[in-house]
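K.L.:
give me the fold of what follows.
(chains A, B, C and D)
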Protein chains: 2
Amino acid sequence: MTTPATRTIPAADETARPTLAAVAARAGVSASTASLAFSGAGPVADDTRERVLAAARELNYGGPDPRARSLRTGRSGIIAVVMEDRIRDAFRDPMVVAMLDGIADELGQAGYSLLLLTDSDDRPVGGLRDASMDAALLLGCSTDLDPAVAVLSQRQVPLIGVEAREREGMHRVELDNREGMRTGAEHLHALGHRRVGVITLPMDRAHTRGPFTREWEAASDAYTGLERLAGVREVYPDAPAEVAAGSLIDEGHRAALALLRRHPELTAIVAQSDLLALGAIQAADELGLTVPDDLSVLGFDGARIDGLSIHRLTTLVQPIVEKGRAAARMALAALAGEPVADVFFTSELRLGTTTAAPRS
Amino acid sequence: MTTPATRTIPAADETARPTLAAVAARAGVSASTASLAFSGAGPVADDTRERVLAAARELNYGGPDPRARSLRTGRSGIIAVVMEDRIRDAFRDPMVVAMLDGIADELGQAGYSLLLLTDSDDRPVGGLRDASMDAALLLGCSTDLDPAVAVLSQRQVPLIGVEAREREGMHRVELDNREGMRTGAEHLHALGHRRVGVITLPMDRAHTRGPFTREWEAASDAYTGLERLAGVREVYPDAPAEVAAGSLIDEGHRAALALLRRHPELTAIVAQSDLLALGAIQAADELGLTVPDDLSVLGFDGARIDGLSIHRLTTLVQPIVEKGRAAARMALAALAGEPVADVFFTSELRLGTTTAAPRS
DNA sequence: CTCGGGTATCGAATCGATTCGACTCGCTAC
DNA sequence: GTAGCGAGTCGAATCGATTCGATACCCGAG
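P.N.:
Model prediction:
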């Protein structure tokens, strides 16, 4: 050994995790060479590489420590997906799952992995602020989490917002929520409906239920829900709205009951998601209303929900998986230093059996 | 400034990301003090902290870089969940989602975040090997991914296997799959059933469908599926089995049709998951068989699947969310250096309306 | 008046790799 | 005969923080 005796030599210490330096020493090469042998970047003689790998095997070395590599290279290979809801709630929504699917697929192919973050009351530790990530995808996040996002922005982490309010330095994936809903509302109007109610997605972080008053509307910063509502209001400016606590069948059920109790004159309900629409149909059944003759129901999403209903929902189909893919690709492009253009998707009205002309 | 002019001073360079050192310099304190000011560990005078934070604001510094912190402290705050399936498939399974829910809840409270990894053909980069994580939870992983897991083991990353084959240095969360299924089979036997078939979970990584032959069985290293099958075989040693390509309703449907075509004499079907059982019921309906009189169907999981069927499934209820929580807690305990004991959960037979004595 | 003890701060070592520039060979081409 | 080149290797700087031990200071107790 040429190492001076003054240095601490962890030589035969079996408990400590071996380092690249230890492997290099054992193989009789420098750390730089050993690094090259592992990464494959740069020229290394075949038998040198062999010796290094052999030494690694002998020392039970499992390859370079990702932490150190990440510090040096500035890349962690991790892309975060930030959601507002608790994971439990998020996974209940088939739209979220479908989108994650698109994201994961695209990221996986590029060799990135996916960190799931929920924007939970900004904990002192463990949140957005101190997870290392190369980029972040924000799924429908309101402005509430601005401070945390600002930190990422400061760190020059590329930010992709999916159906999120516009924001300095953030790329966006958008959907024509407003236009889609207007198209849907026009469809109802053409059928002859004049009294139409809306069941909306949550309008605040607390997932409060109830009638969507003008004051509440003024205070709300929910993005997607407001856009979809605005679309309906372009056709039915005074349509009453009931806010659900989540995109869930039960919530649609509850909201529909509330809405129909307060507004028995309604002949159609526009639900801001397919799950909500399904709940509304259930509620109609219970009230003895026939869908679509007594009550038309319109959804949004184009979720393929098999067997949950005898109806084929009239709904606005959005390319949800593609949306996920697009978001992921934008992150990858930003990381590659390529220019990134915002992406806009459009939804399409799919006619089903849940809308028809109002009776009489 | 007291900094010698020979050092490169990134002073007014607005493009480079500011470092803690830069902030410290600007605040007129040492890097150590600045670090303390941010982390809160150690005594710092109030006005010193103020000055540091002010300097950070001025320099647009977003807090310590997680990468560096992670290298130094040896902790990344990330716990990985490794699944075999593609995310798309995994999320379709309500059991996986429920378990992730328990995991996420427990980890979130402890300030950890959740890295989703799928064991995809061991890509050169982006897989298990080079994501930094403090611990890994392996959800029902077969031995196929041993090499990758071995690396983690070498790195002394705590490993928790949920329904995974036993493995050196891995903690386990187990379920009484075999005993549960035996109990279910005994229930059928007590009702008088003598000809019983099984629909199994996937038995290989390729998700191959088809009759589960003895050769295949010998070659398979699926863990949960084999255990559950073994439980049934303790009562019905010769029960024919049909392998499904996933825990999905459609797969249960397909498998049941195949099974009943080959074995019309069957009076009961044991499905290895509730979704498969639901599919089997659908298939029975189509074949004009009445459940439970013509065909009894037994599930496993105790998934709460509302509205998908008019039947209440007879099934083995497992504490799935608790399983997730337990796994997460084990990881946290291991990280805290506490002793970790394996955890065993038990399932319980819940009688529904899908099993009865065979006709005649 | 001095000593003990707590508070605030700093310097320097350290975490474990990657990477750039320099250096040494052996060979070819002019 | 030597300039030029490419392959292979090494040394040293660097990434950006945390943390340990030392130091300086102030205050109260003895």
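K.L.:
gap between A:Arg228 and A:Leu53?
P.N.:
Distance check for A:Arg228 against A:Leu53: by CB to CB, to the nearest Å, it reads 57 Å. (C-beta placed from N, C-alpha, C; glycine too.)
K.L.:
between these two, which one's more packed in?
P.N.:
Neighbour count, other CB atoms under 10 Å in any protein chain shown: between A:Arg228 and A:Leu53, A:Arg228 has more, with 27 against 16.
K.L.:
how about the stretch 251-360 of chain A: which residue is closest to DNA strand C?
P.N.:
Residue nearest to DNA strand C within the stretch 251-360 of chain A: A:Leu335 (14.2 Å; CB to the nearest atom of the strand).
K.L.:
can you get me a residue count around that residue?
P.N.:
If you count neighbours by other CB under 10 Å, A:Leu335 ends up with 17.
K.L.:
can you pull the contacts of it?
P.N.:
Contacts for A:Leu335 (CB atoms under 8 Å, 6 or more residues apart in numbering or on different chains) come out as A:75, A:134-135, A:158.
K.L.:
which of those count as buried?
P.N.:
Those of the contacts of A:Leu335 that meet the buried threshold are A:134-135, A:158, by 16 or more other CB atoms under 10 Å in any protein chain shown.
K.L.:
so can I have a markdown table of these showing secondary structure, distance to chain B and pLDDT?
P.N.:
Shown next, in a markdown table, are the buried ones among the contacts of A:Leu335 (DSSP: H, G, I helix; E, B strand; the rest coil; distance: CB to the nearest CB, whole Å; pLDDT from 0 to 100):
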| residue | secondary structure | distance to chain B | pLDDT |
| --- | --- | --- | --- |
| A:Asp134 | coil | 10 | 96 |
| A:Ala135 | strand | 14 | 96 |
| A:Pro158 | coil | 13 | 95 |
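K.L.:
shouldn't A:Glu242 be in contact with A:Leu260?
P.N.:
No: the pair A:Glu242 / A:Leu260 is not scored as a contact, 9.4 Å apart, by CB atoms under 8 Å.
K.L.:
which residues do the two both contact?
P.N.:
Residues touching both A:Glu242 and A:Leu260 (CB under 8 Å, 6+ apart): A:Gly197.
K.L.:
who's more crowded, the two?
P.N.:
Of the pair A:Glu242 and A:Leu260, A:Glu242 is the one with more neighbours under other CB under 10 Å, namely 28 against 20.
K.L.:
now for A:Val196, how many residues are close by?
P.N.:
With other CB under 10 Å as criterion, A:Val196 counts 23.
K.L.:
no wait, A:Arg194
P.N.:
For A:Arg194, the tally of surrounding residues (other CB under 10 Å) stands at 12.
K.L.:
so who does the closest residue in space to it that isn't next to it in sequence touch?
P.N.:
Of all residues not flanking A:Arg194 in the chain, A:Thr267 sits nearest, at 7.3 Å (CB to CB, 6 or more residues apart in numbering or on different chains). A:Thr267 is in contact with A:193-196, A:294-296, A:358-359, counting by CB under 8 Å, 6+ apart.
K.L.:
ok, and the most crowded of the residues you listed?
P.N.:
A:Leu295 leads the contacts of A:Thr267 on contacts (other CB under 10 Å) with 27 neighbours.
K.L.:
wait, that one touches A:Glu265, no?
P.N.:
No: if you go by CB under 8 Å, A:Leu295 and A:Glu265 don't touch, sitting 11.3 Å apart.
K.L.:
show me what from the stretch 1-150 of chain A comes close to DNA strand D.
P.N.:
Neighbours of DNA strand D within the stretch 1-150 of chain A, by CB under 7 Å from any atom of the strand: A:28-33, A:36, A:42-45, A:48, A:68, A:71-72, A:74.
K.L.:
10 Å instead?
P.N.:
Residues of the stretch 1-150 of chain A lying near DNA strand D by CB under 10 Å from any atom of the strand: A:2, A:21, A:24, A:27-37, A:42-49, A:51-52, A:67-74, A:130.
K.L.:
buried only: go through the residues you listed for me.
P.N.:
Buried subset of those (neighbour count, 16+ other CB under 10 Å): A:24, A:27, A:29, A:33-37, A:44, A:48-49, A:51-52, A:67, A:69-71, A:130.
K.L.:
the residue nearest to A:Arg194 and DNA strand D: what is the separation?
P.N.:
Distance from A:Thr267 to DNA strand D, counting by CB to the nearest atom of the strand, to the nearest Å: 60 Å.
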